[in-house]
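*Asks:* fold the following.
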Amino acid sequence: MNQSIRTASKREPWNKGKLVGQKAPQRLKNIWAIRVRLQLGERIRELAMFNLAVDSKLRSCDLVTLRVQDIMHGNRMAARAIIMQQKTQRPVQFEITEQTREAVASWVQHARVTADDFLFPNRVRSSPHVSTRQYARIVRRWIGEIGLDASAYGTRTLRRTKAFLIYRRTKNLRAVQRLLGHAKLESTVRYLGIEVDDALQMAEQTEV
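*Replies:* Modelled structure (predicted):
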């Protein structure tokens with residue numbers, strides 16, 4: 001056998017032992033496990049960031065650049081907000097639940113940020129707001145603290161979680177498309193991975 005062929009046959013696949021593809025959405029029990037841990041630890045900033053990430057379904061680049069005025073009108077938290085997405089330059093609207101409004105309001109009061117300020121300012125002067133890299137590290141810490149493999153989840157996990165739950169309850173793809181701010185329905189299908197999920201669900205319900 002040719003030496004190059006033998007070498008190629010012994011070479012391990014690039015993805016062996018690695019998780020590839022879309023990060024799985026979080027289960028409700030894990031969402032609550034993280035939330036309760038942050039509440040008990042009185043981690044005000046992280047609780048506001050976590051709740052808002054789940055509610056807003058925003059990409060990390062849009063979440064970290066939110067300003068106070070994007071979600072507050074004077075001293076009152078908005079029940080809904082709309083922002084222009086950096087990636088697509090398309091507006092997207094999202095709801096802000098009561099528990100998130102309470103968490104964010106507590107953070108705003110604690111941090112003493114004003115309307116024009118970034119909602120999550122950076123503690124280091126080199127950047128005016130938390131960077132996407134810092135946010136990714138924070139998310140990995142949340143995942144690890146509840147005993148899960150941090151490599152299996154990421155910032156997109158939080159973006160996908162509520163959208164996935166809404167789809168599972170309603171099967172309304174168009175609604176989820178609008179909530180995620182996708183230009184094409186096909187993007188939403190791929191993002192949620194629903195074709196594979198639905199196929200597995202049907203298989204589980206079929207007796208042979």
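*Asks:* can you list the weak-confidence ranges in the protein?
*Replies:* The chain contains residues with pLDDT under 70 at 1-24, 194-208.
*Asks:* helices along that one, start to end?
*Replies:* Applying DSSP state H to the chain gives helices spanning 3-10, 28-40, 44-56, 60-63, 68-71, 98-111, 132-145, 155-170, 173-180, 185-192, 194-204.
*Asks:* pick the most buried one from these.
*Replies:* Among the helices of the chain, helix 44-56 has the highest mean neighbour count (mean count of other Cβ atoms under 10 Å), at a mean of 23. For the C-beta atoms, the positions are set from N, CA and C on the backbone; glycine is no exception.
*Asks:* just name whatever secondary elements that helix is in contact with.
*Replies:* Applying 3 or more Cβ pairs under 8 Å, 6 or more residues apart in numbering; DSSP states H and E, we find helix 44-56 packed against helix 28-40, helix 60-63, strand 91-95, helix 98-111, helix 132-145, helix 155-170.
*Asks:* and that helix with helix 98-111, angle?
*Replies:* On the basis of axes from the mean of the first three to the mean of the last three Cα atoms, to 10 degrees, helix 44-56 is oriented at 150 degrees to helix 98-111.
*Asks:* contacts for helix 44-56?
*Replies:* For helix 44-56, contacts defined as Cβ atoms under 8 Å, 6 or more residues apart in numbering pick out 31, 34-35, 38-39, 62-63, 66, 71, 81, 94-97, 99-100, 103-104, 106-107, 110-111, 119-120, 130, 135, 138, 142, 155, 158-159, 161-162.
*Asks:* before we move on, what about stretch 167-184?
*Replies:* Residues outside stretch 167-184 that contact it (Cβ under 8 Å, 6+ apart) are 57, 85, 88, 90-94, 159, 163, 166, 185, 187-189, 191-192, 194.
*Asks:* could you find the closest non-adjacent residue to residue 114?
*Replies:* Using Cβ to Cβ, 6 or more residues apart in numbering and skipping residues adjacent in sequence, the residue nearest residue 114 is residue 68, 6.4 Å away.
*Asks:* what is the neighbour count of residue 91?
*Replies:* 10 (other Cβ atoms under 10 Å).
*Asks:* tell me how far it lies from residue 81.
*Replies:* Relative to residue 81, residue 91 is positioned 11 Å away (Cβ to Cβ, to the nearest Å).
*Asks:* likewise residue 70?
*Replies:* 6 Å.
*Asks:* neighbours of residue 182, how many?
*Replies:* Residue 182 - counted by other Cβ under 10 Å - has 21 other residues nearby.
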